[in-house]
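[1] for reference, the sequence and a predicted model appear below.
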Amino acid sequence: MNFNTVKFLISAQTLQQCPADNGYEVAFAGRSNAGKSSAINTLTRNKGLARTSKTPGRTQLINHFEIEPDKRLVDLPGYGYAKVPKALKAKWDRNLAEYLQNRSSLSGLILLMDIRHPLQDYDQQMLNWAAQARLPVHILLTKADKLKRGPAMNSLLGVEKLLRDMDPGFTLLSAQIFSSLKKTGLPELEEKLTSWLSH
Ligand code: GDP
């Protein structure tokens, strides 16, 4: 699958504003600063794309990109954002939950975590929720270039151990090392996306 020609489609605030729920889409989620924009730029070889999602006013929207007809990437709001009034945050959380629970074309979730501190509270929450919904999750341990190979592998093994406890057959949950800076793990990510976006 060719990710180089991905185009911005629409920013949606609610499930109703999302594109027609046809075909397949894969959503990217993670704490703010986990490296989500960088990973999307690396994947699409397009620095402008994730910038689109970071445009003020779009950071808390569900940003849809088209890979080819009926195949989409979705950039979800980064969580852990500070300085937002509680009522507004609660509204975003509801919109996001509604999207995650009702979107039929959603075929998988890419969950990004900094390899140096993976599986924080909200990451665990996303993982538990996805497991209950039987939604496949692939974890990207980002910024792997910040660690030497040994510690990076230890982080991966620790995450995989938890995933195996949650999903003994490893059928719905998986993880890999990733670095946007060095392009580490890019083919593995592309393979996962291609399998989720094809039937
Ligand atoms: P987002 O908030 O999740 O979209 O995160 P960004 O993609 O904006 O990245 C947050 C910070 O981490 C930025 O300063 C990036 O330059 C840095 N960063 C992202 N990916 C990598 C990576 O693979 N290696 C290193 N060393 N830094 C990265």
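    Perfect, I can see it now.

[2] for this structure, what lies in contact range of the ligand?
    When proximity is defined as Cβ under 6 Å from any ligand atom, the chain approaches the ligand at 30, 32-38, 78, 142-143, 145-146, 179-181. In this view, the C-beta of every residue, glycine as well, is placed from N, C-alpha and C.

[3] tell me the secondary structure of the residue nearest the centre of the chain, please.
    By Cα atoms, centre = their mean, the chain has its centre lying nearest to F28, at 1.8 Å. State at F28, reduced to three classes by DSSP: H, G, I helix; E, B strand; the rest coil: strand.

[4] which non-adjacent residue is nearest it?
    Leaving out its chain neighbours, the residue that sits closest to F28 by Cβ to Cβ, 6 or more residues apart in numbering is I110, at 4.7 Å.

[5] helix or strand right after the worst-scoring helix or strand of the chain on mean pLDDT?
    None of the helices or strands of the chain scores lower by mean pLDDT, DSSP states H and E than helix 47-54, at a mean of 78. With elements assigned by DSSP states H and E, the helix or strand that comes after helix 47-54 is strand 62-68.

[6] list the helices and strands that next one packs on?
    Strand 62-68 sits against strand 7-12, helix 47-54, strand 71-75, helix 86-102, with contacts defined as 3 or more Cβ pairs under 8 Å, 6 or more residues apart in numbering; DSSP states H and E.

[7] please work out the average pLDDT along the third one.
    It refers to strand 71-75. What strand 71-75 shows for mean pLDDT is 97.

[8] just the last one next, same as before
    pLDDT averaged over helix 86-102 equals 84, rounded to a whole number.

[9] hey, C-alpha coordinates of the very next helix or strand once past it in PDB?
    Counting by DSSP H and E, the next helix or strand C-terminal to helix 86-102 is strand 106-114. The C-alpha coordinates for strand 106-114 follow below in PDB (Å, rounded to 0.1, in the frame of the first residue of the first chain):
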ATOM      1  CA  LEU A 106     -12.300   1.400  12.500                       C
ATOM      2  CA  SER A 107     -10.100  -1.600  11.900                       C
ATOM      3  CA  GLY A 108      -7.300  -1.000  14.400                       C
ATOM      4  CA  LEU A 109      -5.600   1.400  16.700                       C
ATOM      5  CA  ILE A 110      -2.000   2.400  16.600                       C
ATOM      6  CA  LEU A 111      -1.100   3.500  20.100                       C
ATOM      7  CA  LEU A 112       2.100   5.500  20.400                       C
ATOM      8  CA  MET A 113       4.200   5.700  23.600                       C
ATOM      9  CA  ASP A 114       7.600   7.100  24.300                       C
END
